[in-house]
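# one predicted model, sequence on top.
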Amino acid sequence: MSRSSTVVAIDGPAGSGKSSVARAVARELGFRFLDTGAAYRAIAWLVLERGGSTDDEPTVIAALEGLDVDVTVDAAGQRVTIAGHDVTEPIRTERISAAVSGVARVQAVRAAVNERFRAIIRDAEPGIVAEGRDITTVVAPDADVRVLLTADEAVRIRRRFGDVGGDHQQVGARLTARDAADSTVSDFMTAADGVTVVDSTDLTFDETVEAIVRLVTEESHD
Ligand SMILES: Nc1ncnc2c1ncn2[C@@H]1O[C@H](COP(=O)(O)OP(=O)(O)O)[C@@H](O)[C@H]1O
Ligand SMILES: Nc1ccn([C@@H]2O[C@H](COP(=O)(O)OP(=O)(O)O)[C@@H](O)[C@H]2O)c(=O)n1
């Protein structure tokens with residue numbers, strides 16, 4: 001693909017820091033930002049809102065009909081709307097986290113959202129940081145910088161617990177179950193060829209951001 005903008009792709013398991021770190025990297029570089037998981041979450045929200053279950057594939061596919069999801073690509077604050085209705089906050093709840101893997105396993109959904117993501121990435125100026133489970137492998141395998149962002153499971157659970165609170169054990173069980181379900185769809189636990197692993201287990205948030213910014217800077221000097 002010939003393009004003048006820089007594409008940074010980040011994948012990895014839940015709680016590794018993908019969305020918060022990717023957003024901060026985009027801000028620091030003055031790039032656009034795309035959280036692909038938001039689209040899957042918005043579809044899960046729509047299915048539940050209509051009283052359906054994301055375990056039922058025909059119901060999920062029906063939600064694709066006339067689907068009007070808009071994900072802004074602004075690192076200052078991504079908003080997600082569905083038919084003009086702002087769902088930015090409601091899609092972050094544990095209720096949606098528990099339901100979203102059912103949406104992610106439907107290939108018709110993946111094909112539809114990936115087409116949209118590729119168009120967003122292609123049009124982004126002067127660059128974009130895109131994150132999500134299959135970004136380095138399926139959506140943007142030709143990205144300039146590809147990172148598998150990871151961290152030990154106990155650390156990821158602690159981070160997620162810090163965000164959502166509630167019962168620590170339950171948060172941990174849900175995170176583990178979601179990673180297991182998502183792993184059947186895409187491999188985000190091992191780095192594909194050409195993908196750099198950034199293990200944030202012992203890094204602070206700022207150190208993690210800096211490690212990825214450095215990779216981008218080094219790449220642009222090659
Ligand atoms: N290296 C890090 N050190 C400490 N906290 C981090 C680090 N990376 C991310 N976090 C925090 O962990 C939480 C989960 O990160 P998030 O971006 O939601 O992960 P993901 O998108 O991979 O699920 C957030 O509160 C984030 O600020
Ligand atoms: N590129 C992507 C992004 C998300 N997803 C799905 O969408 C869900 C929510 O993604 P997310 O990025 O908000 O998840 P977190 O790791 O931030 O909790 C994931 O659990 C996957 O089921 C996917 O399948 N492929």
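Done, it's in. Residues are numbered from 1 along each chain as shown. Ligands and ions are numbered 1, 2, ... in the order given.
# who's in contact with Pro141?
For Pro141, the set of contacting residues under the criterion of C-beta atoms under 8 Å, 6 or more residues apart in numbering consists of Ala192. The way it works is simple: take the backbone N, C-alpha and C, and place the C-beta from them, glycine included.
# spell out which parts of this protein neighbour ligand 2.
Counting by C-beta under 6 Å from any ligand atom, the chain comes close to ligand 2 at 14, 18-19, 36-37, 40-41, 100-101, 104, 132-135, 178, 182, 185.
# now Gly12: phi and psi?
Dihedral angles phi and psi of Gly12 (degrees, to the nearest 10) take the values phi 150, psi 170.
# then Leu67?
Main-chain dihedrals, Leu67, degrees, to the nearest 10: phi -60, psi 130.
# restrict the residues of the chain next to ligand 2 to those near ligand 1?
Restricting the residues of the chain next to ligand 2 to those within reach of ligand 1 (C-beta under 6 Å from any ligand atom) leaves Ala14, Lys18, Ser19.
# can I get those residues in a markdown table with secondary structure?
Rendered in a markdown table, the data for those read as follows (DSSP: H, G, I helix; E, B strand; the rest coil):
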| residue | secondary structure |
| --- | --- |
| Ala14 | coil |
| Lys18 | helix |
| Ser19 | helix |
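# show me what the helix or strand of the chain with the lowest mean pLDDT is packed against.
Using mean pLDDT, DSSP states H and E, strand 69-71 stands out as the lowest-scoring helix or strand of the chain, at a mean of 84. Packing contacts for strand 69-71, counted by 3 or more C-beta pairs under 8 Å, 6 or more residues apart in numbering; DSSP states H and E, involve helix 37-49, strand 80-82.
# thinking again about what came up before, which one of the ones next to ligand 1 among the residues of the chain next to ligand 2 sits closest to Val198?
For Val198, the closest of those turns out to be Lys18, at 10.6 Å, with distances computed as C-beta to C-beta.
# how about the closest one: what's its closest non-neighbour residue?
Once flanking residues are discounted, Lys18 sits nearest to Glu131: 4.3 Å by C-beta to C-beta, 6 or more residues apart in numbering.
# where in this structure is pLDDT low?
Applying pLDDT under 70 to the chain flags the ranges 1-3.
# all strands for it, in order.
With strands called from DSSP state E, the chain shows them at 6-11, 32-35, 69-71, 80-82, 85-86, 127-131, 145-150, 196-199.
# can you redo those strands as a markdown table with distance to ligand 1 and mean neighbour count?
Output for the strands of the chain, formatted as a markdown table (distance: least, C-beta to the nearest ligand atom, whole Å; neighbours: other C-beta atoms under 10 Å):
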| stretch | distance to ligand 1 | mean neighbour count |
| --- | --- | --- |
| strand 6-11 | 9 | 26 |
| strand 32-35 | 8 | 25 |
| strand 69-71 | 14 | 19 |
| strand 80-82 | 14 | 19 |
| strand 85-86 | 20 | 12 |
| strand 127-131 | 7 | 27 |
| strand 145-150 | 7 | 24 |
| strand 196-199 | 9 | 16 |
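# can you say which of these is nearest to Arg159?
Closest approach to Arg159 among the strands of the chain is made by strand 145-150 (12.0 Å; C-beta to C-beta).
# for the closest one, packing partners?
Using 3+ C-beta pairs under 8 Å, 6+ apart as the contact test, the elements touching strand 145-150 are strand 6-11, strand 196-199, helix 205-221.
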